[in-house]
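Engineer: I would like to see how this sequence folds:
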Amino acid sequence: METEGKDIVRIPLSVCNMKDRIYWSKSCTGEYTVKSGYKLAKSIRKEVAYDRSNAESSSNRKCSAQSWSFLCCGEHPETVEHLLFFCDHAKAIWDVAPVSWEGLVNHRDKFWHWWEELKDAVHKEKGQERIALTINLLWQIWKSRNARQFEAKARDPMTVVQKAVGEWREYQDAQLKEGEPIRGSRVGKEEQSEWKEPREAWVKINSDAAVHQNKDRAGWGLVARSWQKELVGAWAVPGISCSNPKMEEALALRAAMLVAKRQGWRRVEFETDCKQVIDRINSGENDVDIATVLSDIEKLKSSFYECCFSFTRRRSNSVSHQVAKFATNLKETAEWKSDFPVWLLELVQADYLALIVLKDEDFNRIPERIGDRRENPYRKNADFDDPKLVQSLKCISAY
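Structural biologist: You can find the predicted model right below:
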């Protein structure tokens, strides 16, 4: 019941008084097609046949259980996380590997979350090289697993690591011999990526979402800047639930549109690093997973004289990403409109220079929650004493 309750809370409600609609969940557009219906009927038929065969032969069930136990090392189900991190063989490989990610240990229970955090390291010293080596390690762990399961060949952990390092070096050498810059390295101006200002008289709002599935918490970061590169507003919005990343990204973008509407901005560019959401908006195609939010976004477009939606890479969306991570520790929305905290100004300045220079000790200065004025020196920068503002922030947080 508790799980069902959380799933119900995660269903987004429309902010534009849209009527409920029925969607066919077996197609990405939400519309029924003969092809999707046929696939569903075929899968149901297979499931029924499988259940019948299991009911007829208990020996087959035992054999199946033994086979599954072998694939799972006899201890745990073979999930992606178990295969790459928690299996004894994988642990032995990571122990002798020349690269480690101690700061990501707590994220290993969700591979996609671990991967998202790993990508942020690209801005650190030799970050791209470390990530490339890590990818080779993951690949060799997978190949080692296949050799063990299908060929009965056990590979020594050190041998696996040496193979990964060797292939990584071969790739590096091949890139240098061809005279090409290594992908992701900061060689030449063309390799740099930076935030781009919007058109004249426009405002750009960057949005991002941070998700902590293990804590069941999410946060949205919204950062607004003018065509003159001036920071004109920032919002850290804690989510009321924790959905999948695509849904949270869509909700963050919708929140950005609500903020722009309340601020009276009429020419706005909305930018995020979730390509799936941007592609759906610009193509007009539906997505059953985020259909309600997409409908709201379509309707909110009429609130502006002009607006557009653009995709950017994570390294060009770093400010809103950090604000989103900050929001996961909040209980209420934080807003800055004129006086901004030092850590936020530093991030914005670094964004202009295309150099992320915020160190761990700098980020630790960010308050973990919005408390009273004595506990939180930055709370005075947000005008929480204005009743209308408090109400509007609650509205944003509610969605």
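
Engineer: all contacts plus neighbour counts: C-alpha atoms, from now on.
Structural biologist: OK.

Engineer: which residue is nearest the middle of the protein?
Structural biologist: P245 (5.2 Å; Cα atoms, centre = their mean).

Engineer: Using the three-state scheme, assign M257.
Structural biologist: Judged by DSSP: H, G, I helix; E, B strand; the rest coil, the three-state class of M257 is helix.

Engineer: Now it. Nearest residue, chain neighbours left out?
Structural biologist: In space, and not counting its chain neighbours, M257 is closest to L300: 7.1 Å by Cα to Cα, 6 or more residues apart in numbering.

Engineer: Which pLDDT value does the model give the one you found?
Structural biologist: Note on L300: pLDDT of 93.

Engineer: any idea which element it lies in?
Structural biologist: Following DSSP states H and E, one finds L300 within helix 291-300.

Engineer: Pull the distance from the helix or strand just after that helix to the chain's centre.
Structural biologist: Downstream of helix 291-300, the first helix or strand assigned by DSSP H and E is strand 306-311. Taking the mean of its C-alpha atoms, strand 306-311 sits 20 Å from the chain's own mean (Cα atoms, centre = their mean, to the nearest Å).

Engineer: Just to check, K26 is in contact with S36?
Structural biologist: Yes: contact status for K26 versus S36: in contact at 6.2 Å, counting by Cα atoms under 8 Å.

Engineer: shared neighbours of those two, anything?
Structural biologist: Listed contacts common to K26 and S36 are nil; contacts here mean Cα atoms under 8 Å, 6 or more residues apart in numbering.

Engineer: got the phi/psi numbers for A334?
Structural biologist: phi -110, psi 130 (degrees, to the nearest 10).

Engineer: Distance check, it against T134.
Structural biologist: 37 Å (Cα to Cα, to the nearest Å).

Engineer: okay, these two: which has more neighbours?
Structural biologist: Neighbour count, other Cα atoms under 10 Å: between A334 and T134, A334 has more, with 26 against 22.

Engineer: Quick check: bridge partners of that one?
Structural biologist: For A334, the beta-bridge partners under DSSP bridges are A236.

Engineer: per-residue confidence for it?
Structural biologist: So, for A334, pLDDT stands at 92.

Engineer: State the distance from it to A49.
Structural biologist: Counting by Cα to Cα - A334 and A49 are separated by 55 Å.

Engineer: repeat for M158
Structural biologist: M158 is 45 Å from A49, by Cα to Cα.

Engineer: More neighbours: which of those two?
Structural biologist: More neighbours surround M158 than the other of M158 and A49, with 15 against 12 (other Cα under 10 Å).

Engineer: ok, that one touching V96?
Structural biologist: Yes: counting by Cα under 8 Å, M158 does reach V96; the two are 6.6 Å apart.

Engineer: hang on, the earlier thing: point out the other helices and strands that the helix holding L300 packs with.
Structural biologist: helix 245-263 (3 or more Cα pairs under 8 Å, 6 or more residues apart in numbering; DSSP states H and E).

Engineer: any idea of the mean pLDDT for the helix or strand following the helix it packs on?
Structural biologist: Per DSSP H and E, the first helix or strand lying C-terminal to helix 245-263 is strand 267-272. For strand 267-272, the mean pLDDT works out to 95.
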